[in-house]
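A.B. asks: Build me a model:
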Amino acid sequence: MSIHHDSCKRSLTLPVIVLGAVIFVVSIIGFFGALKNNSILLWIYLILLCIILLAILVFTVLAFIVTNNGSGHTVAGLRYKEYQLQDYHSWFLKRLNNSHNWEHLKSCLVKSDDCNDLSRKYKTLKQFKSAKLSPIEAGCCRPPSECGYPVVNSSFYDLSFHPISSIKDCKLYKNSKNIKCYNCDSCKAGVAQYMKTEWRVVAIFNVVLFVVLSGVYFVGCCARRNAAKNRSKT
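C.D. replies: Below you'll find the predicted structure:
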């Protein structure tokens, strides 16, 4: 998802920044504890690192659970998939159906290039029909295929045609770049699929981070024992 609004960037990167800052502070405590051979600092370091490890473990397990549901549906004649909101985990549904959360996400989508760039990326109708759209492009930038609206170009549909489906998304879609299908369930489903993919990447990274920090924790335990032995000798 191409996001150029500062608040949108902050909302996506803040958890990673906070985790990095906490690990940095804890590492400083461990460094000075080892440097000064101070068992108290090393105890504080090990306790904090243990809390971080438990938090990473819990988050990773939850991430794999909530990203286990949901997948795209193939549509005849299209190279990309369409997504349905009810397919995803209730955790995603609760947050995406929250009006405050969705208004913030919607403002990010309107300011992004996901829909605005389609007319520049696909000059002809043939190019657009053979395109492999992202989940957000497929869900937010166009009406669902079951509506049956004739495609004029990559950013315009003939809405004078009566939709062949009764789903509410067909009535919510507008050709205006500020409206599109941003209020549609298909758009929320596209965002859910995007979040699912990103969370899976973060979860895999957290598995690696957990293994590395576990090794660091073991080294810290050895350093604390050595500090305790040296202290008892003196």
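A.B. asks: Give me the helix or strand of the chain that scores worst on average pLDDT.
C.D. replies: Lowest by mean pLDDT, DSSP states H and E among the helices and strands of the chain is helix 6-35, with a mean of 73.
A.B. asks: what packs against the next helix or strand after that helix?
C.D. replies: Once the chain leaves helix 6-35, the next helix or strand it forms, by DSSP states H and E, is helix 39-66. For helix 39-66, the packing partners by 3 or more CB pairs under 8 Å, 6 or more residues apart in numbering; DSSP states H and E come out as helix 6-35, helix 185-233. The C-beta positions use only the backbone N, C-alpha and C, and glycine is treated the same way.
A.B. asks: how much distance is there from helix 39-66 to the middle of the chain?
C.D. replies: 22 Å (CA atoms, centre = their mean, to the nearest Å).
A.B. asks: sorry, back to before: I'd like to know which of the helices and strands packed on helix 39-66 is closest to Asn98.
C.D. replies: Put simply, out of these the one that sits nearest Asn98 is helix 185-233, at 10.6 Å, with distance taken as CB to CB.
A.B. asks: by how many degrees do the closest one and helix 39-66 diverge?
C.D. replies: For the pair helix 185-233 and helix 39-66, the angle between their directions (axes from the mean of the first three to the mean of the last three CA atoms, to 10 degrees) equals 160 degrees.
A.B. asks: and helix 185-233, how far out from the chain's middle?
C.D. replies: Between the mean C-alpha position of helix 185-233 and that of its chain there is a distance of 18 Å (CA atoms, centre = their mean).
A.B. asks: Packing partners of it?
C.D. replies: If you count contacts as 3+ CB pairs under 8 Å, 6+ apart, helix 185-233 packs onto helix 6-35, helix 39-66, helix 90-96, helix 99-111, helix 135-140, helix 168-172.
A.B. asks: gap between the spatially most central residue of the chain and Phe205?
C.D. replies: If you average the C-alpha coordinates of the chain and look for the closest C-alpha using CA atoms, centre = their mean, you land on Met195, 3.1 Å from that point. The gap separating Met195 from Phe205 is 15 Å, by CB to CB, to the nearest Å.
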